[in-house]
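> Model the structure of this input:
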Amino acid sequence: MKKIQTIEEKQRREGRNKMIIGIVLVALMVLSTLGYAFFYNDEAEDESLKNYNGLLFKEQSGYWLTQIQGYDFSFIYYPEDIESFPISMNLTINDYIQKPLYFVSSKDSSEVARNLQGFVLRMQNACYENCNLDLPVKNCTDNLIIFEDGENEIKQEGNCIFISGNNSAMLEDAFIYRILGVR
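Numbering: from 1, shown residues only. Predicted coordinates for the structure are as follows:
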């Protein structure tokens, strides 16, 4: 049989229970804050940061992100991974600023487009010297990037950049790293 309690006893018991729950919640909040303060590992966040030639690269969502002179750039490949590609060119980002950029390609040129879109006047497909397509015909006096099959190589003739090889994203990253002065 259950003991009959007065209203005062019920209120005292409920007050005690509320006090215990309050103390447990406050203790949990204080301990979790202290745990975060003492056991948080800064190195875990910095593991995705790499330094290459004085630039910090952060790996995020499959891209390598960096900032160069206040501008954000994203690459699929880290510069160290593509150092072996032969590049013979002397153009820099300044040669493309506020000038049209033309592509001759059946391949995707999204790496170059994504990273240079804020610098060039416009980007569009074109034909190199002669072709049967309904595109403007350009030559090496224009800023022209020509993608072609062949050995992995990037070379310059006038204002034409010839990007040869099968992995266009890797070669495009190598090209962008070069014009930005990263490598």
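> from here on, contacts and neighbour counts on C-alpha atoms
Noted.
> what's across from Tyr63 in the sheet?
Beta-bridge partners recorded for Tyr63 (DSSP bridges): Gln60.
> how about it, what does it touch?
Tyr63 makes contact with 74-77 under the criterion C-alpha atoms under 8 Å, 6 or more residues apart in numbering.
> Take those and keep only those in strands.
Under the assignment DSSP state E, those contribute 74-75 to strands.
> Buried only: go through the contacts of Tyr63 for me.
Neighbour-count burial (16 or more other C-alpha atoms under 10 Å) applied to those gives 74-77.
> hey, which helix or strand in this structure has the poorest pLDDT?
helix 42-46 (a mean of 52; mean pLDDT, DSSP states H and E).
> so what's Phe103 scoring on pLDDT?
On pLDDT, Phe103 comes in at 90.
> Show the contacting residues for it.
109, 123-127, 144-147.
> Now name the helix or strand holding it.
Assessed by DSSP states H and E, Phe103 sits inside strand 100-104.
> coming back round to it: may I see the contacts of Phe103 arranged in CSV, with secondary structure and neighbour count as well?
Shown next, in CSV, are these (DSSP: H, G, I helix; E, B strand; the rest coil; neighbours: other C-alpha atoms under 10 Å):
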residue, secondary structure, neighbour count
Ser109, coil, 16
Met123, strand, 17
Gln124, strand, 13
Asn125, strand, 18
Ala126, coil, 22
Cys127, strand, 20
Leu144, strand, 27
Ile145, strand, 23
Ile146, strand, 21
Phe147, strand, 23
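> Adding pLDDT as columns, could you present these in CSV?
Putting the contacts of Phe103 into CSV (pLDDT from 0 to 100) gives the following:
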residue, pLDDT
Ser109, 76
Met123, 91
Gln124, 91
Asn125, 91
Ala126, 92
Cys127, 90
Leu144, 93
Ile145, 92
Ile146, 91
Phe147, 89
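> For Phe175, state which of those residues is nearest.
Closest approach between the contacts of Phe103 and Phe175, by C-alpha to C-alpha: Ile145, at 10.2 Å.
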